Structures are given as structure tokens and as C-alpha cells.
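1. Here's a sequence, model it:
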Amino acid sequence: MTTTSGVRAGLPVPLPDVLPDPWVVVRGTAWPSLDTAFGSGRRLPRALVRLLDPDLTAGEARQALNDLDEPVRHQNTIYEATAPVALCVAAVLGRRAGQHRGAADGACVLLLAWLAGVAHDSGDKCVAVGQRYFGEDFLEGYPALVAVRALRPVLFQAVEPFLDDPDRDVRETALSAALVFAEHPALAGHRDGLAERARRLLGVCDTRWRRWQALDALTAWGHDTEGLARRGDDDRSPYVSGSGWSVGDGHPDDPPF
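-> This is a model prediction of the structure:
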């Protein structure tokens, strides 16, 4: 991992404990020194700057996020440039959350979904799969993933305002990201509130992978799940018709984004 003055894994040292100004991330990151799926990250600021347009539309946000997705999330993989891009996207979302209090607009929905994808790409489940295949020292050889995981407390701040959004799909997307980010020990104090939301989700949600995630989080955090599961919730097959699970290459350990 390249280390330059004040920067490790493309991130400021020490790591921020609050969402930064997104312009600080864009201008303060040594993008050409960071690896992506397709070479250096020197072109990433162009897409990030488009997200900073105060008049950003959903269509423009979708195009900018598409331009970021392949370089920094190709095949659900974390790269050196993923952490600073995720921090910038979170900072943009956090700023827009303040501008659109009470309800997410179309651009917010897309930014939120993108961060949820990063959450699943870097969660404890992904680490467990990596350790199963590559050994217990998996994270030691994957500093780019370590960098994203270190950001979970500040990334959580970007999705938290949407946990009570009037739109159910927005709430569920925010909860999906928050449940993964809250695996970080620094966010343990948020788990009881998230657990209550997970219980409510299980009462109304039919999407298989969302139900699995909610049940797994409740179990991991020591909450009783009796009476919350439905018939079929214990079937974790990625081939279940209508499960809502994005299976990628069909491997059951693939994250849902």
C-alpha cells in the first residue's frame, strides 16, 4: 500500500470522525497514486466533482456513480481508491441529507444504494469468506479492505438520517447499510435501535436477502428472534426464485449488491 505524507490507503491520517467537506476529499487525495480495477485513480475526481453539483439530478447521479463503480467496485472487490471514493460519496450524501430533510430525493436514493453496496463488499461476512478461503491473516494482505472497514463509523453518519425516511424502500436500503456498518465496535451503541428497526422490517419485508440480513444481525447481537422468522427463511440458496438476491456468478457468499 502506498503511503504518502499524511495519507494512508488514500485516506487522511488520522481518519476523520465526522463527515468531511467533500471538496476536501476530492482536492486532498493523491488520486493518481491509488490503484483501481483499471489502473490509477487519476480520472476519479471528474466523476466525484459531478456529484458535487448542487443541482444534481438523479440521472446525473446515476451516470457519475456508474463511472465510479467499475473502477472501485469491480466484481465486488475493494481497491486502494475505494475508501476515499466512499468517503466522498458519503460526504455528498450527508450534505444532501441536510438539504432534503424529511425525504430523500432521487439523487440521495442512488448515493445511499451505492454506499450500501460498499457496506456489503466490506462487511464481516465478506471477511469471514476471505478467511475461509485464504486463511486467518486474510485482512493483513488486504489493506484496501482494512481502510474501508476503518471508515465504517463515519460512513454510518451518512446513512443514519435515512433510517426514518417516509419511503419504505429508502428506509430498507439505509438499514441494510447501517446493519453492516454497525458491525464496527465503535457503533455498538447504535445496535439496539437498529435491532428494533430490523424487527419491524421482518414484519413487513418479503425480500429474502433483507430478511436474512436482519435475522443474522439480531442473532449476532444477542437478540431473540423467536417468532420473527417465516417459513423458508432458513433456506439460504441463491437460486430461490424471487428471492431478490443479486447472485452475481451464483456463489451463495456473493453480497447482494
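2. residues in contact with the residue lying closest to L44 once chain neighbours are set aside?
-> Excluding the flanking residues, the one nearest L44 by CB to CB, 6 or more residues apart in numbering is W31, at 5.4 Å. (Glycine included, C-beta is placed from N, CA and C.) For W31, the contact set (CB atoms under 8 Å, 6 or more residues apart in numbering) comprises 10, 40-42, 44-45, 81, 84.
3. one more time with 6 Å
-> 41-42, 44-45 (CB atoms under 6 Å, 6 or more residues apart in numbering).
4. pLDDT value on it, please?
-> We have a pLDDT of 96 for W31.
5. any idea how far it lies from A37?
-> For W31, the distance to A37 (CB to CB, to the nearest Å) stands at 14 Å.
6. Ok, D167 next?
-> 32 Å.
7. More neighbours: which of the two?
-> The neighbour comparison of D167 against A37 (other CB atoms under 10 Å) goes to A37, with 15 against 12.
8. my guess is the more buried one contacts P71, does it?
-> Yes - between A37 and P71 there is a contact at 5.5 Å, judged by CB atoms under 6 Å.
9. quick one: P71 from V148, how far?
-> Per CB to CB, P71 is found 15 Å from V148.
10. Quick one: the helices in the chain, in order.
-> Ranges of helices in the chain, per DSSP state H, are 22-28, 44-51, 58-73, 82-99, 106-121, 124-134, 143-150, 152-159, 168-181, 191-204, 208-220.
11. pLDDT averaged over the first one - what is it?
-> Taken as a whole, helix 22-28 has an average pLDDT of 95.
12. OK, contacts around L151?
-> With CB under 6 Å, 6+ apart, L151 has these contacts: 83, 87.
13. ok so, going back, more neighbours: P71 and V148, which one.
-> Neighbours were counted for P71 and for V148 using other CB under 10 Å; V148 has more, 26 against 22.
14. per-residue confidence at the closest residue to the more buried one other than its chain neighbours?
-> The shortest distance from V148 to any non-neighbouring residue, by CB to CB, 6+ apart, is to S122 (4.4 Å). Per-residue pLDDT puts S122 at 96.
15. Does S122 touch A147 like I think?
-> No - using CB under 6 Å, S122 makes no contact with A147, being 9.3 Å away.
16. Pick out whichever of the two has more residues nearby.
-> Neighbours were counted for S122 and for A147 using other CB under 10 Å; S122 has more, 30 against 23.
17. Distance check, that one against L187.
-> Distance from S122 to L187, by CB to CB: 14 Å.
18. Name the residues contacting each of those two.
-> If you check S122 and L187 against CB under 6 Å, 6+ apart, no residue is contacted by both.
19. and D164, how many residues sit next to it?
-> The burial count assigned to D164 is 11, neighbours taken as other CB under 10 Å.
20. Likewise for the one 5 residues further on?
-> If you count neighbours by other CB under 10 Å, D169 ends up with 12.
21. before we move on, what about D206?
-> For D206, using other CB under 10 Å, the count is 10.
22. next one: the one 10 residues further on
-> Residue neighbour count, defined by other CB under 10 Å, stands at 16 for D216.
23. Then R168?
-> With other CB under 10 Å as criterion, R168 counts 11.
24. For R200, see how far away it is.
-> Distance of R168 to R200, computed by CB to CB: 10 Å.
25. Over to W221?
-> As judged by CB to CB, W221 and R200 stand 16 Å apart.
26. of the two, who's got more company?
-> When W221 and R200 are compared for neighbours, W221 comes out ahead with 16 against 13, by other CB under 10 Å.
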